[in-house]
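Visitor: Return a 3D structure for these sequence lines:
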Amino acid sequence: MPWRKRLVLAGAVAVGLALLAAAAWLLAEGHPWFGSGLFVATLVAAAAALEIFWVRWDLSVGSLRSGRRDSRQVALTFDDGPGPDTPAVLDALDAAGVKATFFVLGRAAEERPELVRELARRGHLVALHGYSHKKLHVSGPGTVARELDEGRATIERAGVAPAPFFRAPHGWKGPILGRALKKRGLTLVGWTRGVWDTERPGTESIANRASEKIRGGEILLLHDGCGTPGIDPRREQTAEALPEIVRRWRDAGYEFVTVDALTPGAPALTLDRVVRGAGVALLVGLGIVAVRRLDLAALRDAFAQARVLPLLLATAANLFALAAQSLRWLALVRPVAPRARPWDAYISTVAGFAVGMLMPARASDFARMHIFSRRTGSSMASVGGTLVLDHVMSSASLIAFIGAFLVIVPLPAWAKTAVWTTLGIAVVAATVLWALRPRAGHTEDEHGLRGFIGRARTGLKAAGEPRALALSVMAALAGWALEVAIGLFALDAFGIAPTVEAGVLLVLATTISAAISISPGNAGAFEVAVVLALGGMGVPPELALAFGIGYHAVHLVPVGIIGGGFLLHAGYRGGVVREEA
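Guide: Predicted structure coming up:
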């Protein structure tokens, strides 16, 4: 992306954040109607701007934004042609044996109809790009209809029937365009990577831009013509860069396809995402209301008085707690994957948690499954079975751990209720998993749903092995003891009495919040659980909230550094880990 566009984007984000900050200030100053109105208006304006200017944001859920990230496909697409350098582009594609998608501009097709026919003759997909390259985000129904219909008619007059795909000029779109496309049976196509070859940065730069951070399902945007006045129309650099682009992607194990053969990725917006987004918005709203009721000066003082050394000790204890969690899981995985190493379980666990910091619900579990299966060659379904068993063992060991404290530590009524409820659920789940464990004659060689179920049941193999269960319980108990230690160090850092009762309550409250939360990284729900737990012990809300944020940080920072570093090093992009050498 050119620097001028980056500056515009940074400015827009800064304005949005400033407006949200102003809304929060108005709410804190006792102006609920003005503050709420500004907050809602800012969110609506942001959503509208994203809908217009961000290619990958599509409220209509009807566009093709990318292919599947776990596929080995990549699509080359060209806009604004045909132009003077289209023959050179075609020759380069023929020499490489690649078929591409050309979003043809109607005005260019009128000038060079023979090249439109040549595109189709050589087996490339010819699609629509409008007639005049007019931006359609604020155009009326008549203008949108003329651009679509005249663009199609011009290509048809050249002797080619265009495919039912349309790319909006500059990627800018709006509700009128969406309705017009739906009426005509056209699919809007975006892109995942703009190469910006129109800047003519040089052949090597174009190849580098098109080939860095290789991942599946990419739609590359290049140009074989010029649709914008004032831009240099020459595209010989693009043609010269194509052989190197193709070589790099093929060396990485990818195949080139046209957009009609691209396996679609996840839709831009689903009901599930809407519900989660609404939950996050509600959490933000509740946070703003809570801030109004807090003494911000007391909150600031609580942070200022926190001691660094106990927080560092809590962070160090968390590293050992993560190791204990991975060993708990490793004991259950070993019967399925005997060659699995402790490091495989550890890095898969921590990297999975790192993914969970950015994605909601149980995304961390899916990431952990994916990474571990890639590192060990194990079946994803079998690894998933071990994770289910791991969660049950974690819950059962937590109940055993807290049950030991019930004898010596007076816990409140809500904690006892939570313990008994969790115990009941764990007993039922353990019974079901024990019944489903693989037995003599068990097979996982079948295909389809039966094969998947068979492989998942293989992951429950440890349920029938007492030694594996015992090792898992021992590691789990060590992990819960370390979690209590983390809480005690953090309590001491914020000047709160580090009692065993408080440490146990924090572990129980935050574990329950993690089980029911859908927010990325358990953000918000974690802090609320901490405030409620400490509030029942008489800790002021400002101090409890400051502690909750710090307590959460000592859990997240090591995960972000270790897990995030591994993901970046291993090439984790969009949910796919590239094969390691």
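Visitor: So what touches the strand or helix carrying Pro87?
Guide: Taking DSSP states H and E as the criterion, Pro87 maps to helix 86-96. Residues external to helix 86-96 that are found in contact with it (CB atoms under 8 Å, 6 or more residues apart in numbering): 76, 78, 81, 99-100, 112, 115, 118-119, 122, 124, 224-225, 235-236, 238-240, 242-243, 246. From N, CA and C alone the C-beta is placed, and that goes for glycine too.
Visitor: Among those, which lie within strands?
Guide: Judged by DSSP state E, the contacts of helix 86-96 include 76, 78 as members of strands.
Visitor: Return a PyMOL selection command for the buried portion of the contacts of helix 86-96.
Guide: Filtering the contacts of helix 86-96 down to the buried ones (16 or more other CB atoms under 10 Å) takes a single PyMOL command:
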select buried, resi 76+78+81+99+100+112+115+118+119+124+224+225+235+238+239+240+242+243+246
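Visitor: Tell me which helix or strand comes right after the helix holding Pro87.
Guide: strand 101-104.
Visitor: Direction included, what does that next one pair up with?
Guide: strand 73-79 (parallel), strand 125-128 (parallel) (DSSP bridges).
Visitor: now for those, which one comes closest to Ile562?
Guide: strand 73-79 (30.9 Å; CB to CB).
Visitor: residues in contact with the closest one?
Guide: By CB under 8 Å, 6+ apart, the residues outside strand 73-79 that reach it are 67, 89, 93, 98, 100-103, 105, 129, 167, 189, 191, 216-225, 227, 245, 249, 254-259, 261-263.
Visitor: Go through those and flag which are in helices.
Guide: Those of the contacts of strand 73-79 mapping onto helices are 89, 93, 245, 249, per DSSP state H.
Visitor: So Val138, which state does it fall into?
Guide: With DSSP: H, G, I helix; E, B strand; the rest coil as the basis, Val138 sits in coil.
Visitor: Pretty sure it sits against Gly174.
Guide: Yes - using CB atoms under 8 Å, Val138 is in contact with Gly174, at 6.5 Å.
Visitor: Next, count neighbours for the nearest residue to Trp249 once chain neighbours are set aside.
Guide: Nearest in space to Trp249, with sequence neighbours left out and distances taken as CB to CB, 6 or more residues apart in numbering, is Val74 at 5.5 Å. Val74: 28 surrounding residues under other CB atoms under 10 Å.
Visitor: on that earlier part again, identify whichever of the strands paired with strand 101-104 lies nearest to Ala456.
Guide: Nearest of the strands paired with strand 101-104 (CB to CB): strand 73-79, 27.6 Å.
Visitor: Relative to the whole chain's centre, how far out is that closest one?
Guide: Relative to its parent chain, strand 73-79 has a centroid offset of 23 Å by CA atoms, centre = their mean, to the nearest Å.
Visitor: how much does that strand deviate in direction from helix 86-96?
Guide: Strand 73-79 runs at 160 degrees relative to helix 86-96, counting by axes from the mean of the first three to the mean of the last three CA atoms, to 10 degrees.
Visitor: hey, C-alpha coordinates of strand 73-79 in PDB?
Guide: C-alpha atoms of strand 73-79 as PDB (Å, rounded to 0.1, in the frame of the first residue of the first chain):
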ATOM      1  CA  GLN A  73      -4.700 -22.500  -4.500                       C
ATOM      2  CA  VAL A  74      -3.900 -19.000  -5.600                       C
ATOM      3  CA  ALA A  75      -5.700 -16.900  -8.200                       C
ATOM      4  CA  LEU A  76      -4.000 -14.400 -10.500                       C
ATOM      5  CA  THR A  77      -6.300 -11.500 -11.500                       C
ATOM      6  CA  PHE A  78      -5.800  -8.600 -13.800                       C
ATOM      7  CA  ASP A  79      -7.900  -5.400 -14.000                       C
END
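Visitor: so for that strand, what's the average pLDDT?
Guide: Mean per-residue pLDDT for strand 73-79: 97.
Visitor: who's in contact with stretch 455-468?
Guide: By CB under 8 Å, 6+ apart, stretch 455-468 touches 331-336, 379, 381-389, 430, 433-434, 436-439, 442, 444, 469, 472.
Visitor: Just the buried residues of those.
Guide: 331-336, 379, 381-389, 430, 433, 436-438, 444, 469, 472.
Visitor: Which ones among those lie within helices?
Guide: Per DSSP H, the buried ones among the contacts of stretch 455-468 map to helices at 331-333, 381-389, 430, 433, 436, 469, 472.
Visitor: Please give me every residue in contact with Ala12.
Guide: Ala12 touches Ala49, counting by CB under 8 Å, 6+ apart.
Visitor: per-residue confidence at it?
Guide: On the pLDDT scale, Ala12 is placed at 76.
Visitor: Could you confirm it falls within a helix?
Guide: Yes - assignment of Ala12 by three-state DSSP places it within a helix.
Visitor: Just want to check the distance between it and Arg193.
Guide: Applying CB to CB, to the nearest Å, the value for Ala12 to Arg193 is 21 Å.
Visitor: before we move on, what about Leu543?
Guide: Distance, Leu543 to Arg193, using CB to CB: 48 Å.
Visitor: cool, Phe489 as well?
Guide: 45 Å.
Visitor: Neighbour count: these two, which is higher?
Guide: Phe489 (24 against 18).
Visitor: wait, doesn't the more buried one sit right on Leu309?
Guide: No - between Phe489 and Leu309 there is no contact under CB under 8 Å: 9.0 Å.
Visitor: got a winner among the ones in helices among the contacts of strand 73-79 for most neighbours?
Guide: Going by other CB under 10 Å, Val89 tops the ones in helices among the contacts of strand 73-79 with 28 neighbours.
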